[in-house]
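> quick one, what's the 3D model for this:
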Amino acid sequence: MENEGVAQEEIVPRETRPAAWLLLALFGGNVALAIGPWFVRIADTGPVAAGFWRLFLALPFMVLLARANGQRLTGMGTKTLALVALGAVTFALDLASWHIGIEMTRIGNATLFGNAGSIVLLFWGFLVARTLPGRLEWLAIVFALAGAAILMGRSLEISDETLIGDLFSVAAGLLYAVYLLTLQNARGAFGSWSLLVWVSIFGAPVLLAIALALGEPVWPQAWGPVVGLFVLSQLVGQGLMVFALRYFPPLVVGLALLTQPAVASIYGWLAFGEVLSGMDIVGMVLVGAALAVSKAKA
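You can find the predicted model right below:
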């Protein structure tokens, strides 16, 4: 879920790839995105309000990045703009659901399930093509369902609240897939940064409205966490991912994506005492394998 607005760009021919530092950029982007939930947890705003600040504070920087990369911000037709607005609302709901999940369940679970949109898109591809999955895809489906069942069962053992947090995170993954499908045509005419500008313009007010409706504190007393959230998640994380993704095939991107739940689980244990059992690790490996396969088939 953390790769919002980032489209898979045209792969650069292998001979032009300075592989070592680009691979570092790819993994660095995933690590930066993985640290975002930490800031959601420690922010003194509500979780949805933190999502509002993440988009709102990053907006002027997104405009600068779009212009620096020669991406136009105007000229969308009415139909395209309406689709982008719909996608932005979906993304705002995705972010709201995911941030609520981060507050209620283990950070590793929230990060893993929040990225489950790739698996949903795999299913969607079969529905559109009206074909049955192949052997590898069936294996991914079984792994995803088995891993999710293990992780949710373990959450239920901890408390009902953590299971509800898992479900919010799964809902975020579903909404993320809808968001990607809504914007897939707009990506052909507009760059990733220009789309993120418009997604922020339409999505930030939705997040603010949800935060106010939920009675969340919106104005931070300590600005450090919300600034850290927008810098690491929107600028550093998204910046490195937008830059690096065009150089790698989907399978490498899928494997790099697994950095996020791994990093989140480590600091969830160190900072918040969220201990993972052997079964938790098995569940994460199964879902992670399904994510990697789904990315490889993108």
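
> now do the buried residues in whichever strand or helix holds residue 294.
Assigned by DSSP states H and E, residue 294 belongs to helix 278-296. Under the neighbour-count criterion of 16 or more other C-beta atoms under 10 Å, helix 278-296 has 280, 283-284, 286-296 buried. In this view, the C-beta of every residue, glycine as well, is placed from N, C-alpha and C.

> give me the distance between residue 21 and residue 73.
30 Å (C-beta to C-beta, to the nearest Å).

> show me which of those two is the more surrounded one.
Higher neighbour count among residue 21 and residue 73: residue 73, with 17 against 11, using other C-beta atoms under 10 Å.

> over to the more buried one. Which of the three states is it?
coil (DSSP: H, G, I helix; E, B strand; the rest coil).

> avg pLDDT for the helix or strand hosting residue 165?
For residue 165, the host element (DSSP H and E) is helix 160-183. For helix 160-183, mean pLDDT rounds to 92.

> return the list of helices and strands in contact with the helix holding residue 294.
The contact analysis (3 or more C-beta pairs under 8 Å, 6 or more residues apart in numbering; DSSP states H and E) places helix 278-296 against helix 107-114, helix 117-129, helix 135-158, helix 250-257, helix 259-272.

> which elements pack onto the worst-scoring helix or strand of the chain on mean pLDDT?
Across the helices and strands of the chain, mean pLDDT, DSSP states H and E gives its lowest value to helix 117-129, namely a mean of 75. Contact here means 3+ C-beta pairs under 8 Å, 6+ apart; on that basis helix 117-129 packs against helix 135-158, helix 160-183, helix 278-296.

> returning to that earlier point: pick the most deeply packed of the helices and strands packed on helix 278-296.
Highest mean neighbour count among the helices and strands packed on helix 278-296 (mean count of other C-beta atoms under 10 Å): helix 107-114, with a mean of 29.

> what angle do that one and helix 278-296 make?
With axes from the mean of the first three to the mean of the last three C-alpha atoms, to 10 degrees defining the directions, helix 107-114 sits at 30 degrees from helix 278-296.
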